[in-house]
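Chemist: Task: produce atomic coordinates for the following.
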Amino acid sequence: MGCVSAVPVPQPRAARAGGAAAAPGGRRSLAAALLLGALGATVVLLSAGQIWAEGTASVGGGTVPVEADGGAVTGVPTALAIVGLAALVAVFAVRRTGRTLVSGLLALSGAGAAAAAFLGASDSDALDAEAARISGDTAATVSDLTHTAWPYVAAGGALLILVAGLLALRFGTTWPTMGGRYERAGTPRAASRAPAPATDRPEDLWKALDRGEDPTREG
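Modeler: Predicted coordinates for the structure are as follows:
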């Protein structure tokens, strides 16, 4: 009984390509990070324009209402939300260590914006400054101080940015790069072999026949 030689079975392209592109959860984590990061930054930026605190100030024997929006209370959430958006885009423009660093910056932006928003929820300095401006008395303070829910909405949006950064730290190595496809597409192909020049002259035909070549065959 003859021996049967083992024939190697070609492996699918996906199996040969390595685990990075086919890593489980890579595509879902990419979509989730983009959605959460963009949504979180939008929520923070919109919330910063809303009224965070309000109260009354004494002016000329009476009282006038005073209020302060998120930008007047603290500009930190807005600034960090913009940094987070920039980091979210930059994640796809860098690789390896650079991607890890940018992902960390994205997560820190969310954490910092959330902390600033929580602290701003109980801040009264902005209202006191507004009361002093209205009354002309630098020692004026606000009474009947109340805070709205907008600082907490901003903090919630910042936490979404934080989650996007954590996803980038965990799964970012499996995500594609912005310039990878263009680099592959722009790589010059190997020069194809140029066809042999046509031998139109009779002496070239005879020389080819002497060499044992077929002058009518294309190169």
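
Chemist: From now on I want contacts and neighbour counts done on CA atoms only, so please keep to that.
Modeler: Noted.

Chemist: helices and strands around the helix or strand containing residue 167, which ones?
Modeler: With elements taken from DSSP states H and E, the one containing residue 167 is helix 150-171. For helix 150-171, the packing partners by 3 or more Cα pairs under 8 Å, 6 or more residues apart in numbering; DSSP states H and E come out as helix 26-48, strand 51-59, helix 76-90, helix 96-120.

Chemist: In contact with the closest residue to residue 99 other than its chain neighbours: list those residues for me.
Modeler: Nearest residue to residue 99 in three dimensions, chain neighbours excluded: residue 91, at 5.5 Å (Cα to Cα, 6 or more residues apart in numbering). Residue 91 sits next to 99, 102, 103, 168, 172 when contact means Cα atoms under 8 Å, 6 or more residues apart in numbering.

Chemist: Could you identify the most distant pair in those residues?
Modeler: Greatest spatial distance among the contacts of residue 91 (Cα to Cα): 102 and 172, at 10.1 Å.

Chemist: returning to what we had before: check which residues of the helix holding residue 167 are buried.
Modeler: Within helix 150-171, the residues that count as buried by 16 or more other Cα atoms under 10 Å are 150-169, 171.

Chemist: likewise stretch 80-97?
Modeler: Across stretch 80-97, burial judged by 16+ other Cα under 10 Å covers 80-85, 87-95.

Chemist: ditto for stretch 54-73
Modeler: Using 16+ other Cα under 10 Å as the test for burial, stretch 54-73 gives 54-58, 66-73.

Chemist: Provide the secondary structure category for residue 67.
Modeler: strand (DSSP: H, G, I helix; E, B strand; the rest coil).

Chemist: so the residue nearest to it when sequence neighbours are not counted bridges to which residues?
Modeler: Setting aside the residues directly before and after it, residue 67 is nearest to residue 54 in space (Cα to Cα, 6+ apart), at 4.0 Å. Beta-bridge partners for residue 54, by DSSP bridges, are residue 67, residue 146.

Chemist: Pretty sure residue 54 sits against residue 66.
Modeler: Yes. Counting by Cα atoms under 8 Å, residue 54 sits close enough to residue 66 to count as a contact (5.6 Å).
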